[in-house]
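1. pasting the sequence and the predicted model now:
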Amino acid sequence: MFRALRTVALLLSVFAVFGQANAADWKEGTHYKKLDTPVRTDSGSRVEVVEVFWYGCPHCYNFKPLAESWEAKAPDYVDYVRLPAALGRSWEPHARAFYALEAINALDKLHDALFDALAGERRPLNDGESLADFVAGYGVDREEFLDSYNSFGVNARMQQAQAKIRGARITGTPTMLVNGKYTVSASMAGSLERVLEVVDYLVAREHNTAGE
């Protein structure tokens, strides 16, 4: 019994050392970028983790289940935010649809469906009218969606989101923005899975720094 407990303890210590070694491997400028000028966060004392995505991005589509799993297990001191990017004019209707659906409390119903349609099936939903027809198929009132889509409030949310993305110097998706200070992408981290390992490291560092 004692030998078994000692073996378990040894294994745990090995895993702990291995985890520390992995964390020590994450290098600024190699696996993540530190912004010269941090962007504003809206999370108060919590560590803000922002997923910058586009509904039509196949890499975002593949990253989605990984990010959702990470979010589900994130500690209470993390505020997880999704930010739709409009890095090109063809992306704008999809970002606008995100905020329009959020405003009418229909985003949870359509978030997965939009990913499936745009990234999975590559359907041509590239303007408000076609998007309105699409969401109507899921029980969302077409006119209510269009009113929200074209509203001042959605315009304001769009401008705020894109200002934050520009301020963080984000040029591709998916990208994670940690506490307004660091950006992490698969091209830097090495894979979509490793993106979240780097995010883990940065979140822990930000949380520990805040507690000092």
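-> Now that the structure is in, tell me what you want to look at.
2. where do the helices of this structure begin and end?
-> 2-25, 58-73, 92-103, 107-115, 128-136, 142-149, 152-167, 186-189, 192-210 (DSSP state H).
3. closest one to residue 43 among the ones you listed?
-> Ranking these by proximity to residue 43 (C-beta to C-beta) places helix 192-210 first, at 10.7 Å. In short, each C-beta sits where N, CA and C put it, glycine included.
4. buried sites along the closest one?
-> By neighbour count on 16 or more other C-beta atoms under 10 Å, the buried set for helix 192-210 is 192, 194-203, 205-207.
5. low-confidence ranges in this structure?
-> Scanning the chain for pLDDT under 70 picks out 1-24, 211-212.
6. ok, 50 please
-> Along the chain, segments meeting pLDDT under 50 span 1-21.
7. center of this protein - which residue?
-> residue 51 (1.2 Å; C-alpha atoms, centre = their mean).
8. residues touching it, list them.
-> Residue 51 is in contact with 67, 80, 81, 82, 83, 174, 176, counting by C-beta atoms under 8 Å, 6 or more residues apart in numbering.
9. and it, how far from residue 178?
-> 11 Å (C-beta to C-beta, to the nearest Å).
10. closest one to residue 40 among the helices of the chain?
-> The minimum distance between residue 40 and the helices of the chain falls on helix 152-167, with 7.2 Å, by C-beta to C-beta.
11. elements contacting that closest one?
-> In terms of contacts (3 or more C-beta pairs under 8 Å, 6 or more residues apart in numbering; DSSP states H and E), helix 152-167 is packed against strand 78-84, helix 92-103.
12. about what we covered before: can you tell me which of the helices of the chain is packed in deepest?
-> For the helices of the chain, the largest average neighbour count (mean count of other C-beta atoms under 10 Å) is found in helix 92-103, namely a mean of 22.
13. wait, residue 192 touches residue 58, no?
-> No - Residue 192 is beyond contact range of residue 58, at 11.3 Å (criterion: C-beta atoms under 8 Å).
14. if we can go back for a sec, residue 164: which of the contacts of residue 51 is nearest?
-> residue 83 (6.8 Å).
15. list the residues that contact the closest one.
-> 50, 51, 52, 53, 161, 164, 165, 177.
16. kindly recompute the last result at 10 Å.
-> Residue 83 makes contact with 50-53, 95, 98, 160-162, 164-165, 168, 170, 173, 175, 177 under the criterion C-beta atoms under 10 Å, 6 or more residues apart in numbering.
17. got it, and residue 72?
-> residue 80.
18. please report how far it lies from residue 177.
-> In terms of C-beta to C-beta, residue 72 sits 19 Å off from residue 177.
19. output the helices and strands packed on helix 152-167 as TSV; include the columns distance to residue 36.
-> Formatted as TSV, the helices and strands packed on helix 152-167 follow (distance: least, C-beta to C-beta, whole Å):
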stretch	distance to residue 36
strand 78-84	20
helix 92-103	25
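20. picking that back up, farthest-apart pair in the buried residues of helix 192-210, please.
-> Most distant of these, by C-beta to C-beta, are 192 and 207, 23.2 Å apart.
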